[in-house]
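Participant: make a model of this:
(4 chains, ligands or ions: 4)
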Protein chains: 4
Amino acid sequence: METRTKDKEVEDLLLCAQEARVRAYTPYSKFRVGAALLTEDGSLVPGCNVENISFGLTICAERNAIARAVGEGHRTFKAIGVVADMKDKFVTPCGACRQVIVEFSVDCEVYLGRPDGAYVKTTIDKLLPDAFTPHVANLESLTK
Amino acid sequence: METRTKDKEVEDLLLCAQEARVRAYTPYSKFRVGAALLTEDGSLVPGCNVENISFGLTICAERNAIARAVGEGHRTFKAIGVVADMKDKFVTPCGACRQVIVEFSVDCEVYLGRPDGAYVKTTIDKLLPDAFTPHVANLESLTK
Amino acid sequence: METRTKDKEVEDLLLCAQEARVRAYTPYSKFRVGAALLTEDGSLVPGCNVENISFGLTICAERNAIARAVGEGHRTFKAIGVVADMKDKFVTPCGACRQVIVEFSVDCEVYLGRPDGAYVKTTIDKLLPDAFTPHVANLESLTK
Amino acid sequence: METRTKDKEVEDLLLCAQEARVRAYTPYSKFRVGAALLTEDGSLVPGCNVENISFGLTICAERNAIARAVGEGHRTFKAIGVVADMKDKFVTPCGACRQVIVEFSVDCEVYLGRPDGAYVKTTIDKLLPDAFTPHVANLESLTK
Ligand SMILES: [Zn+2]
Ligand SMILES: [Zn+2]
Ligand SMILES: [Zn+2]
Ligand SMILES: [Zn+2]
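Facilitator: Residues are numbered from 1 along each chain as shown, chains lettered A, B, ... in the order given. Ligands and ions are numbered 1, 2, ... in the order given. Have a look, this model is predicted:
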């Protein structure tokens, strides 16, 4: 697959996510995650996970970044980067975050990174196929 | 793909979902959805969507069914059926519901139905690939 | 304060909540909570908390009971009972659950119980004053 | 009640909330809300509500502001301002937002404003009495 995002942009994106991760509020899980959005106009918007004693009110790093970005006037995202501390694995966004990404950008690139700098690339379309979107996705792939 | 669920079971599942839909509480969206779970032991557990004036506290039909099923002692689901009133389309579970399904059953079958009886089949594995699960999914598909 | 709910009803309510608690799915917090609703027609509807690896998708016992009750056709609740295992304290519903209770019944009684049978009584009106309700609460108390 | 927050600070807080409101993403409710936090060090952090086609993934303005503030390194809030467009009423935070406020600051002041500049003051302690907090609130008020 062709990548629209340049190497340097990905590097900056994941660095932004990694720096955001430091400020995660995770007294209950101790599992810190950082995220960063690359907006249409080239801005970077960070987010970290913020937990709550009532677990259901926890917000993930990805959704924190998106809520903030919308608050700053952005509505379209070229890419999102996510960094979590997994030794030999890459953490993917949870289903809730995938749904929130797709609300704004059905063709968002997703970069999954580790603190050691390694990363893999995927897309929101791959991570949430046949999404329940504002335009109600066509479901052709289901019948293949 | 081979189907483990018998035709009669699917029919009953979608009928249960359709009946559940009638009791949806949707004063804000008017969009009623019904769901039903087929548990490991062959029980059917229904759920409908329940909205809230604070939209973020809305629960989807699928998650209602799962929360209820767990409360009744079930932990593994063979299939989930979802029925919504779309003329020519099938509604898929949102990302949040996909995440909650996969918490319990990574190989759950998903049946998307319409009031007219038509339906398509898919699986949670297809709808939420590389899921962020308790076992943290392997991400092999990302690098293919 | 005058109690509309009879002693025997409260006993049954809290027993139902306590039994529901056993089926809580809490691999992440180990904090099990049970709830039960007393509906307008005298039915009891149980619920337990159901957690998720993505903490934000966790549902509390109270909201599980309400979602289930709505799915069973109930829309008005006389009382809700909540039981958690605190040695010397009573657990109150979180803010999210208070909001969901008030969506349906602005004068719901709330019974907070412990496994040893002790309980205290309060009301949703006390627990969520000046609530953001469908009717948008009057805010007189704010200016007192 | 004694106010720790100066008039000028409240004015700035509500102005920040009002400006944030403009960027709300509310295609489903059309109900735009803006919020702003006054942090311990005197910073202002804005937030708006961001809805989702799956209503349960909607985030309120207040929680958007808090998640962003935590991401910027803040952990204690002196006050929160909320502005919504109600002709003759003031909108209070929903229960979910009250719970998230109390996670960080049990004595946060809450200012409810309108676009015309009018406002009333309350506190999180009044809005969420006997809160289920990390320290599990004492429940003395229940037995009064
Ligand atoms: Zn997430
Ligand atoms: Zn859903
Ligand atoms: Zn709760
Ligand atoms: Zn709220």
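
Participant: what residues does chain A put near chain C?
Facilitator: For chain A, the residues in contact with chain C (C-beta under 8 Å from any C-beta of the partner chain) are A:28-29, A:51, A:53-60, A:63, A:94-97. Bear in mind the C-beta positions are built from the backbone N, C-alpha and C, glycine included.

Participant: helices or strands up against the helix ranked longest in chain A?
Facilitator: In chain A, taking DSSP state H as the definition, the longest helix is helix A:7-21. If you count contacts as 3 or more C-beta pairs under 8 Å, 6 or more residues apart in numbering or on different chains; DSSP states H and E, helix A:7-21 packs onto strand A:33-39, strand A:44-48, helix A:61-71, strand A:77-84, strand A:109-113, strand A:119-123.

Participant: how far away is A:Thr122 from A:Gly113?
Facilitator: 12 Å (C-beta to C-beta, to the nearest Å).

Participant: before we move on, what about A:Asp7?
Facilitator: From A:Asp7 to A:Gly113 the distance is 13 Å (C-beta to C-beta).

Participant: when these two are compared, which one has more neighbours?
Facilitator: Taking other C-beta atoms under 10 Å in any protein chain shown, A:Asp7 and A:Gly113 do not tie; A:Gly113 has more neighbours (27 against 8).

Participant: quick check: bridge partners of that one?
Facilitator: Using DSSP bridges, the bridge partners assigned to A:Gly113 are A:Val83, A:Tyr119.

Participant: A:Val10 against A:Gly81, yeah?
Facilitator: Yes - A:Val10 is in contact with A:Gly81 according to C-beta atoms under 8 Å; the separation is 7.3 Å.

Participant: now the closest residue to ligand 3 within chain A: closest residue in space, sequence neighbours ignored.
Facilitator: Ligand 3 sits closest to A:Ser54 of chain A, with a gap of 5.0 Å, by C-beta to the ion. If the residues on either side of it in the chain are set aside, A:Ser54 comes closest to C:Cys94, at 3.6 Å by C-beta to C-beta, 6 or more residues apart in numbering or on different chains.

Participant: of A:Val10 and A:Gly81, give the one with the bigger neighbour count.
Facilitator: Under the criterion of other C-beta under 10 Å, the comparison of A:Val10 against A:Gly81 puts A:Gly81 first, with 33 against 19.

Participant: can I get the helices and strands packed on helix A:7-21 in JSON lines including distance to ligand 3 and mean pLDDT?
Facilitator: Shown next, in JSON lines, are these (distance: least, C-beta to the ion, whole Å; pLDDT from 0 to 100):
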{"stretch": "strand A:33-39", "distance to ligand 3": "23", "mean pLDDT": "98"}
{"stretch": "strand A:44-48", "distance to ligand 3": "23", "mean pLDDT": "98"}
{"stretch": "helix A:61-71", "distance to ligand 3": "19", "mean pLDDT": "98"}
{"stretch": "strand A:77-84", "distance to ligand 3": "26", "mean pLDDT": "97"}
{"stretch": "strand A:109-113", "distance to ligand 3": "31", "mean pLDDT": "97"}
{"stretch": "strand A:119-123", "distance to ligand 3": "34", "mean pLDDT": "96"}
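
Participant: now tabulate those in CSV and tack on distance to ligand 4.
Facilitator: Formatted as CSV, these follow (distance: least, C-beta to the ion, whole Å):
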stretch, distance to ligand 4
strand A:33-39, 22
strand A:44-48, 18
helix A:61-71, 12
strand A:77-84, 24
strand A:109-113, 28
strand A:119-123, 32
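
Participant: quick one: which of those is nearest ligand 1?
Facilitator: helix A:61-71 (5.4 Å).
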